[in-house]
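Novice: Here is a sequence with its predicted model. Questions after.
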There are 2 protein chains.
Amino acid sequence: MNTPASADATPYVHGYSAHESRRLADQADTLAALLHSGTVYPVGSKVLEVGCGVGAQTVHLVSASPGARFTAVDVSPDSLAQACSRVTSHAPEAQISWVQADLFELPFPDAEFDHVFVCFVLEHLSAPRQALTALRRVLRPGGTLTVIEGDHASAFFHPASAYAHAAIDCQIQLQSAAGGNARIGRALHPLLTSAGYEDVIVRPRTVYADRSRPALVNGFTRNTFIAMIESIREPALSAGLMTPPDWDRGLADLHRTATDDGTFHYTFFKGVAVNPA
Amino acid sequence: MNTPASADATPYVHGYSAHESRRLADQADTLAALLHSGTVYPVGSKVLEVGCGVGAQTVHLVSASPGARFTAVDVSPDSLAQACSRVTSHAPEAQISWVQADLFELPFPDAEFDHVFVCFVLEHLSAPRQALTALRRVLRPGGTLTVIEGDHASAFFHPASAYAHAAIDCQIQLQSAAGGNARIGRALHPLLTSAGYEDVIVRPRTVYADRSRPALVNGFTRNTFIAMIESIREPALSAGLMTPPDWDRGLADLHRTATDDGTFHYTFFKGVAVNPA
């Protein structure tokens, strides 16, 4: 759900608008505790974030490990500028360098980093395994890679609705047409293993929202997930993936899942793996 | 995934064979920690389990609360006999009474129990809300109801397969034709609320299996979930829900998710609610 770090994903399915920037920041705040818990790097360790985008996750990453030295990379200069501004205002003490680069041509020596962090990036790449393998060059032997990805086909909800699932499937199809994979979360374990990592541990990180959790209903179901689907109305209809009435019914059904009688369930996956010595 | 406590579900979609009894016991052992954690009843409290079936969950229920006094109800005398035998051999110290009854005609005084426990029962009922409301009569004001249900449409896996999903959908359709709802897990919160309970808290209890968790791959993906789907081959094909070649492909694809390159994700839901004073 973030900005790609490589030109290998063209074009970025979510776009680069100010509205999209705000959506990504809302999403990151709501989900920070869920996604970032367990990720703390030692004082003095060198950590590379690849595909930092507008810095939505970077803020939480650096806040959790105040003594670590970060390098954040993105392929988009505009995104990097926004990320720098966001981190400077939210975590002014952070030790962080900003580097504009493609993840397949990282301008760093071999084994430069102790740890690598990648969040919502692989889903946009046409060659995620090769990307993971490429990252091993700049990660020291024994260093860890942490990967977080969503899985849009993991979404289910009450009331169930085939129209709502069809609208979500538009996002999956558009992302696929752009070279990405919106269902990559479920594939993280085999992906990390086939890229040559060891001690691969992947766990689901689940968002479940019902009326007893109004902040999640609003922050995730409505303002993150449904907002993401709503943002692709134009390309989905232009591509003829759904008719306008079916689309509108799907979105109305999605909004029903955020009412008092609704529930919404979505699964992120977080993986940690070691670069073999 | 268990025996119904009421004649309102006819016929029981999973059948009553010895093979099915073993499947239910395997399932319960593998999942016990996941499903039962957090459920501990005080010494001396009176707890009713409705729809105990062959006792697959009862064994874990009574083991977690050795000082509580249990009453286990099922509509099937044969299931009750098996449950009694299983609990007697696995937890001989348990204080437990066995009662054959329909959950809509429970032979107990009002407010007889401090707590009620219901696991894999509502999914088989055509009137789950009314069942939950009926249980309030025998539950004292301020007493708790604990409900655990699965959601078969929550299953997703790698590699993804439309044939595998179609096979799972056969189970959902057969259960629906028998008056049940195999997607009831996601609806637990509104269901408990509309049945008049208060302080309703529902949380997902997730099974995620990949090669790093061989016991779950075997105990859940293969011997619980895939075994359940395989058991409905005959009724699914007889009803014309799938062609034999498509069914076989779906099952082969499900088995691929239990290989080294596969992953499998399934969501149970556990709810706790209070009977208003």
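Specialist: Nice, thanks for sending it over.
Novice: switch to C-alpha atoms for all contacts and neighbour counts from now on
Specialist: Fine.
Novice: pLDDT at the closest residue to chain B within the stretch 101-250 of chain A, what is it?
Specialist: Among the residues of the stretch 101-250 of chain A, residue A:190 lies nearest to chain B; the distance is 5.2 Å by CA to the nearest CA. As summarised for this prediction, residue A:190 has a pLDDT of 98.
Novice: just checking, it touches residue B:261?
Specialist: Yes. In terms of CA atoms under 8 Å, residue A:190 counts as a neighbour of residue B:261; the distance is 5.2 Å.
Novice: Next, the buried residues of whichever strand or helix holds the residue of the stretch 101-250 of chain A closest to chain B.
Specialist: Assigned by DSSP states H and E, residue A:190 falls within helix A:188-194. Buried residues in helix A:188-194, counted by 16 or more other CA atoms under 10 Å in any protein chain shown: A:188, A:189, A:190, A:191, A:192, A:193.
Novice: In TSV: those, plus distance to residue A:77.
Specialist: TSV is the format used below for the buried residues of helix A:188-194 (distance: CA to CA, whole Å):
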residue	distance to residue A:77
A:188	28
A:189	31
A:190	32
A:191	29
A:192	28
A:193	32
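Novice: any idea how far residue A:178 is from the residue with the largest distance to the centre of chain A?
Specialist: Distance from the centre of chain A peaks at residue A:245, with 30.2 Å (CA atoms, centre = their mean). For residue A:245, the distance to residue A:178 (CA to CA, to the nearest Å) stands at 25 Å.
Novice: Quick check, residue A:114 in contact with residue A:43.
Specialist: No. Counting by CA under 8 Å, residue A:114 does not reach residue A:43; the two are 11.4 Å apart.
Novice: separation between residue A:69 and residue A:47?
Specialist: 6 Å.
Novice: For these two, indicate the residue with more neighbours.
Specialist: residue A:47 (27 against 20; other CA atoms under 10 Å in any protein chain shown).
Novice: any idea how far the helix or strand containing the more buried one is from the chain center?
Specialist: Take DSSP H and E as the rule and residue A:47 turns out to sit in strand A:46-50. Computed by CA atoms, centre = their mean, to the nearest Å, the separation of strand A:46-50 from the middle of its chain amounts to 15 Å.
Novice: List of residues touching that strand?
Specialist: The contact list for strand A:46-50 (CA atoms under 8 Å, 6 or more residues apart in numbering or on different chains) reads A:5, A:41, A:58, A:68-74, A:103, A:112-119, A:121.
Novice: Now which of those residues would you call buried?
Specialist: A:5, A:41, A:58, A:68-74, A:103, A:113-119, A:121.
Novice: thought residue A:94 was touching residue A:63?
Specialist: Yes. In this structure, residue A:94 is within contact of residue A:63 by CA under 8 Å, at 7.5 Å.
Novice: In the stretch 151-277 of chain A, where is pLDDT below threshold?
Specialist: Within the stretch 151-277 of chain A, no stretch falls below the threshold (pLDDT under 70).
Novice: can we see that at 90?
Specialist: A:215 (pLDDT under 90).
Novice: Would you state the helices of it in chain order?
Specialist: A:162-177, A:188-194, A:214-216, A:227-230, A:233-238, A:244-256 (DSSP state H, counting those that start in this stretch).
Novice: Pick the most buried one from those.
Specialist: helix A:188-194 (a mean of 22; mean count of other CA atoms under 10 Å in any protein chain shown).
Novice: helices or strands up against that one?
Specialist: Identification of packing neighbours for helix A:188-194 by 3 or more CA pairs under 8 Å, 6 or more residues apart in numbering or on different chains; DSSP states H and E yields helix A:128-138, strand A:198-209, strand A:263-274.
Novice: Using a markdown table, please lay out those together with mean neighbour count.
Specialist: Shown next, in a markdown table, are the helices and strands packed on helix A:188-194 (neighbours: other CA atoms under 10 Å in any protein chain shown):
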| stretch | mean neighbour count |
| --- | --- |
| helix A:128-138 | 19 |
| strand A:198-209 | 20 |
| strand A:263-274 | 22 |
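Novice: Turn the ones you listed into CSV, columns for distance to residue A:183.
Specialist: Below are those laid out as CSV (distance: least, CA to CA, whole Å):
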stretch, distance to residue A:183
helix A:128-138, 12
strand A:198-209, 13
strand A:263-274, 10
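Novice: Relative to residue A:151, which of these is closest?
Specialist: The minimum distance between residue A:151 and these falls on strand A:263-274, with 6.2 Å, by CA to CA.
Novice: now, the most widely separated pair of the buried residues of helix A:188-194?
Specialist: A:188 and A:193 (8.4 Å).
Novice: Now tell me what touches the helix holding residue A:190 from outside.
Specialist: A:128-129, A:132, A:200-202, A:269, A:271, A:273, B:210, B:260-263.
Novice: ok, so of those, who is nearest residue B:173?
Specialist: For the contacts of helix A:188-194, the nearest to residue B:173 is residue B:263 (24.7 Å; CA to CA).
Novice: Name all residues that make contact with that closest one.
Specialist: So residue B:263 contacts A:186, A:187, A:189, B:157, B:158, B:159, B:208, B:209, B:210, B:211, B:257 (CA under 8 Å, 6+ apart).
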